[in-house]
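S.K.: I need the structure of the sequence given here:
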Amino acid sequence: MFTTQAWNKIDKIYDSILQMQFIQELKQGSLSKEVFQHYIIQDGIYLGEFSRALAIISAKAPSPELQLQFARNAAEAIAVERGLHEQFFAEFNITSETALATQPSPTCLSYTNFLLATAYQYSFAIGVAAVLPCFWIYLEVGKYIYQQATSKLNPYQKWIDTYIDAEFESSVMGVIDVANDMAHKVAAEELTLMNQVFYRSSQFEWLFWDSADQLETWKIG
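M.R.: Residues are numbered from 1 along each chain as shown. Below is the predicted model of the structure:
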């Protein structure tokens, strides 16, 4: 099965993500407020562009059912972005002015540009493979943090809860099912590209977590 093989190839990347300082401190509730503020602002920027990539993929869907599924996913990404503004930004003293004035970090910009370019340039199947790691890795990381949490008083618990939500898991499983179905239908060359973009997006997931921990900004300009 495509997703089983693709996940096995990124196993080391995923294990490395779980061991990152950001994830460990988030799990323990000891992550600094400054680092989380940086992360949550960049995540909001990312989700806005991620939604655009999903909308492009939706437009390329081979059936009305798949078109609707990815249109819903795009809408859900926007809903989560708005939720960040309404709940977490206020809770962690981030003003709308600060969020709007913040530029995407180099990693955030590179990742979203990769997703948008892939969704625009390639087929529906390849686009699905490119966005899947964002869904899937976030789900698994959320489960890991929730299961390993050392305190019920974790200041980031509400954020953790958004990624162990049953509806979110259902959405992820839906994208996994589509990826597997499409992998059975495409030619060998297209399947190779599906594997390549899945792997690249997984690398970007690692980089995104790391960029938050490093408080990454543009080093010049």
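S.K.: neighbours around Q67, how many?
M.R.: Around Q67 there are 16 other residues, counting by other C-beta atoms under 10 Å. In this view, the C-beta of every residue, glycine as well, is placed from N, C-alpha and C.
S.K.: In the worst-scoring helix or strand of the chain on mean pLDDT, which residues are buried?
M.R.: Least confident helix or strand, the chain: helix 157-162 with a mean of 81, by mean pLDDT, DSSP states H and E. For helix 157-162, a neighbour-count test (16 or more other C-beta atoms under 10 Å) marks W159, I160 as buried.
S.K.: now swap in stretch 116-126 and tell me
M.R.: Under 16+ other C-beta under 10 Å, the buried positions of stretch 116-126 are L116, T118, A119, Y122, S123, F124, A125, I126.
S.K.: Next: stretch 203-216.
M.R.: Those would be F204, E205, W206, L207, F208, W209, D210, S211, A212, D213, E216, for stretch 203-216 by 16+ other C-beta under 10 Å.
S.K.: And the helix or strand harbouring the fourth one, what does it pack against?
M.R.: In other words, L207. Secondary structure from DSSP states H and E places L207 in helix 188-213. Judged by 3 or more C-beta pairs under 8 Å, 6 or more residues apart in numbering; DSSP states H and E, helix 188-213 is in contact with helix 2-9, helix 11-18, helix 21-28, helix 33-59, helix 106-121, helix 124-148, helix 166-185.
S.K.: Report the angle between the helix or strand that the longest one is followed by and helix 166-185.
M.R.: The first helix or strand that comes after helix 33-59 along the chain, using DSSP H and E, is helix 64-83. Calculated by axes from the mean of the first three to the mean of the last three C-alpha atoms, to 10 degrees, helix 64-83 forms an angle of 140 degrees with helix 166-185.
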